[in-house]
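Asker: here is a sequence together with a model predicted from it:
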Amino acid sequence: YRIVFNMPYLTFFKKFEIVDRSILNNGVFYIGGISENRGIYQVIKALSILKKQGVDFHFHCVGSFDGGVYEQIQSMREYHEISEMISFYGFMDLNSGFEISRKCKVGISVLKPIGNYVESYSTKIFEYMAVGLPVVTSNFKLYSDVIDRNNCGICVNALDVVQVADAIKTILTDRQLASRFGKNGLASVESQYSWSSQEKILIDFYSQILRTES
């Protein structure tokens with residue numbers, strides 16, 4: 001058998017691609033389900049730290065809330081400290097959601113180290129890379145093997161809000177680094193992590209089966 005990963009279809013993401021994100025305002029982008037396990041509370045606490053440090057940003061958050069999560073966010077002191085710097089868009093189709101990514105300099109996906117998250121790829125990080133977004137994500141080995149090896153973002157302990165804050169700040173404030181991360185991510189997706197690369201694995205596998213049966 002062969003393992004085929006669910007990688008981005010680059011033709012779709014091409015229209016959202018920005019080769020050099022460093023020239024943009026300090027938008028922080030998230031798209032997907034919004035839940036405790038996907039790190040929303042840590043992100044809000046981290047962004048509150050950044051405001052106290054005088055870092056300008058706007059958090060663009062696209063997706064549906066798990067039950068009770070929105071109410072919990074509303075009760076957070078840190079949320080009220082930065083509420084004017086956050087936009088919650090609710091559920092959007094992928095096309096509309098990634099249109100918002102065009103305002104942003106960094107894509108974030110800080111999943112907690114639980115269950116299946118640690119041992120399976122988050123498609124989100126490859127989608128971020130496919131549009132040229134530098135990535136801040138969890139420091140699971142599976143993720144760091146992609147992000148660190150390709151020098152396209154920063155991996156953090158998702159439970160450490162100071163680490164999360166520092167990583168976001170580094171990308172927002174270091175234009176040369178942001179530019180390099182974005183370009184490296186884009187190049188690595190095009191060469192290694194797109195659906196076309198997985199399609200080739202599938203074609204080669206079936207060709208091998210056909211040769212064996214003939």
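Answerer: On my side now, so go ahead.
Asker: in this structure, where is pLDDT below threshold?
Answerer: 1-8, 194-214 (pLDDT under 70).
Asker: now the strands for it?
Answerer: 27-31, 58-62, 86-90, 106-109, 135-138, 153-156 (DSSP state E).
Asker: what about Tyr128, neighbour count?
Answerer: Tyr128 has 32 neighbouring residues, counting by other CB atoms under 10 Å. C-beta here means a position set from N, CA and C on the backbone, and glycine is covered the same way.
Asker: if you could redo that for Lys52, that was the one I meant.
Answerer: By other CB under 10 Å, neighbour count at Lys52 equals 12.
Asker: how about the spatially closest residue to Gln163 that is not a sequence neighbour, what does it touch?
Answerer: Leaving aside its chain neighbours, Gln163 sits nearest to Val156 (4.2 Å; criterion: CB to CB, 6 or more residues apart in numbering). Neighbour list for Val156: 110, 136-139, 163-164, 166-167 [criterion: CB atoms under 8 Å, 6 or more residues apart in numbering].
Asker: one more time with 10 Å, if that's ok
Answerer: Going by CB atoms under 10 Å, 6 or more residues apart in numbering, Val156 touches 39, 42, 46, 108, 110, 136-139, 144, 162-168.
Asker: show me which of the residues you listed are buried.
Answerer: The neighbour-count test (16 or more other CB atoms under 10 Å) marks 39, 42, 46, 108, 110, 136-139, 144, 163-168 as buried among those.
Asker: circling back to that earlier point, using CSV, lay out the strands of the chain together with distance to His80.
Answerer: Formatted as CSV, those follow (distance: least, CB to CB, whole Å):
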stretch, distance to His80
strand 27-31, 18
strand 58-62, 14
strand 86-90, 11
strand 106-109, 21
strand 135-138, 23
strand 153-156, 25
